[in-house]
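Peer 1: Next comes the sequence, and after it the predicted model I'd like to discuss.
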Amino acid sequence: MDVPDLPLSAAEDLLRTYGDAANIGATVRRWRAERIDKNGKPNPMAQEELQEKLGISQSTLSRIESPKPESVHRVTIKVALDLCRAFDKPLIELLLPAAQGALLDGWSAFREATEALNDMRNANNRYADLMDRVRARLSVSPELNESIQHYLRDSLAYREAKIRRIWEIEGGTKGDQPIYEKYAPGFRGPTAAIVSANDALAGERPNRNLWAVRDFMEDSNHE
């Protein structure tokens, strides 16, 4: 059940049925509060930002978000479309009642998450295949082993240098070594370069099931 495209005629019908200002105002407030940035972190949208996107006054936006009881069917199709463009949302989510909109939005996010996990699985399998190829070459090429070890040393040194720069930017001094050693581990998460070099040199094949959090075949209590 993907979020469907909405023909203009159907949008106008929904607008007449559900497009009262109270319903749309509640949805717009929720969209502002629940906005997520490109990194997947909460980033609520201020009223001022939405005003700028819509090109309307603060009083007009207030009437949309917090309408008076008599403000029924005053949201036009143009305003509805502009709101959806501002939040990059399908029109049907704005016009349906909140419960239906939440259903469609949640299902759409679920489908996208499933596709992302499938991409992760495929990428993990490709990574394991490529590491098989690397290890096969390592067995006959001491030069390759040396090159990867050199690459690993450089990657570790680069990470430590970057941590040191962050430390100094935040006001740490070079003489605070004991404090630095407590500060630095939080920034020592593995990079792709470090992980791949360690995997290549370890001589063990990467786990093809790292993409999976748990085995649902053994624990199928979700039915």
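Peer 2: Nice, thanks for sending it over.
Peer 1: List the contacts of stretch 192-212.
Peer 2: With contacts defined as C-beta atoms under 8 Å, 6 or more residues apart in numbering, stretch 192-212 is touched by 117, 120-121, 123-125, 127-128, 131-132, 134-135, 138, 145, 148-149, 151-152, 155-156, 159, 190. Bear in mind the C-beta positions are built from the backbone N, C-alpha and C, glycine included.
Peer 1: Now list the buried members of those residues.
Peer 2: Listed as buried from the contacts of stretch 192-212 are 124, 127-128, 131, 135, 138, 148, 152, 155, 159; burial here means 16 or more other C-beta atoms under 10 Å.
Peer 1: Just those residues: which are in helices?
Peer 2: 124, 127-128, 131, 135, 138, 148, 152, 155, 159 (DSSP state H).
Peer 1: Out of these, the closest to Lys78 would be?
Peer 2: Asn124 (46.5 Å; C-beta to C-beta).
Peer 1: quick one: the helices in the chain?
Peer 2: Using DSSP H, helices in the chain cover 8-18, 21-34, 47-54, 58-65, 77-87, 91-95, 98-138, 142-169, 177-183, 192-202.
Peer 1: Could you report the pLDDT at Leu201?
Peer 2: pLDDT, Leu201: 92.
Peer 1: looking at the helices of the chain, which is buried most?
Peer 2: Mean neighbours per residue, mean count of other C-beta atoms under 10 Å, is largest over the helices of the chain for helix 91-95, with a mean of 23.
Peer 1: Would you mind putting the CA coordinates of that one into PDB?
Peer 2: Only the C-alpha atoms of helix 91-95 are listed here, as PDB (Å, rounded to 0.1, in the frame of the first residue of the first chain):
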ATOM      1  CA  LEU A  91      -1.300  16.100  -1.100                       C
ATOM      2  CA  ILE A  92      -3.400  13.100   0.100                       C
ATOM      3  CA  GLU A  93      -1.600  13.200   3.500                       C
ATOM      4  CA  LEU A  94      -2.700  16.800   4.000                       C
ATOM      5  CA  LEU A  95      -6.300  16.300   3.100                       C
END
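Peer 1: average model confidence for it?
Peer 2: Rounded mean pLDDT across helix 91-95 is 79.
Peer 1: What of stretch 37-49?
Peer 2: 87.
Peer 1: From Leu50, how far out is the most centrally placed residue in the chain?
Peer 2: Closest residue to the average C-alpha location of the chain: Gly40 at 3.1 Å, with C-alpha atoms, centre = their mean. Going from Gly40 to Leu50 by C-beta to C-beta, to the nearest Å gives 21 Å.
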